[in-house]
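Chemist: For reference, the sequence and a predicted model appear below.
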Amino acid sequence: MAQEIERKFLVADPSFLKPLTGYQVKQGYIPGKERSAARIRIRDSSAFLTLKSETRGITRSEFEYEIPLADAEEMLETLCAPPHIEKTRYVVEWKGHTWEVDVFHGGNEGLIVAEIELAAADQAFEKPPWLGREVSQDVRYFNSNLAHCPYGNWLDEGRAGV
């Protein structure tokens with residue numbers, strides 16, 4: 001079984017992204033059970049179906065399959081509830097680890113999140129200086145929740161504390 005062990009942080013200083021090139025992501029979620037999520041993602045010209053279990057701490061099961069782009073586009077339009085998540089993703093290497101930094105657009109404009117996947121929940125890593133507070137266990141920052149309750153709709157106190 002595939003396991004995803006991920007920690008998620010807000011980005012306090014996005015200036016490090018200026019010289020980098022990211023790729024475009026559009027994704028949506030197929031409505032379903034609370035204990036799992038089915039996601040359709042288009043990354044530039046590639047497409048994927050991803051199934052994720054309920055998160056326990058910072059760990060969950062994850063299964064991902066490449067699918068035809070035309071199928072993904074149709075699934076986004078016919079199966080996924082709007083609004084869709086739109087973001088630019090940057091892959092950043094830092095002190096031997098790969099970080100994925102998402103700059104959100106649309107209803108989630110203004111939100112920038114950095115994620116690191118780990119081999120174990122207690123794995124040590126050095127935090128880059130551009131990180132803000134950790135939001136790994138704050139369900140509001142799960143992409144599946146951002147699709148239904150975009151960051152732009154949150155009250156100011158919910159957005160404070162980068």
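Modeler: Done, it's in.
Chemist: Of all residues in this protein, which one is nearest the centre?
Modeler: Among the residues of the chain, the one closest to the centroid is Asn143, at 5.1 Å (C-alpha atoms, centre = their mean).
Chemist: what's the burial count for the residue lying closest to that one once chain neighbours are set aside?
Modeler: Spatial nearest neighbour of Asn143, excluding adjacent residues (C-beta to C-beta, 6 or more residues apart in numbering): Ile85 at 5.4 Å. For glycine as for every other residue, the C-beta is placed from the backbone atoms N, C-alpha and C. Counted with other C-beta atoms under 10 Å, the neighbours of Ile85 add up to 23.
Chemist: And for Val92?
Modeler: 17.
Chemist: hang on, the earlier thing: what separates the residue nearest to Asn143 from His105, distance-wise?
Modeler: Separation of Ile85 from His105 (C-beta to C-beta, to the nearest Å) stands at 9 Å.
Chemist: One more: Ile5?
Modeler: Separation of Ile5 from His105 (C-beta to C-beta): 27 Å.
Chemist: repeat for Arg56
Modeler: 30 Å.
Chemist: Repeat that for Arg35.
Modeler: Computed as C-beta to C-beta, the Arg35 to His105 distance reads 29 Å.
Chemist: Tyr29 too?
Modeler: Tyr29 sits 17 Å away from His105, going by C-beta to C-beta.
Chemist: List the buried residues for the biggest helix by length in the chain?
Modeler: Looking across the chain with DSSP state H, the single longest helix is helix 69-78. Neighbour-count burial for helix 69-78, counted by 16 or more other C-beta atoms under 10 Å, picks out Ala72, Met75, Leu76.
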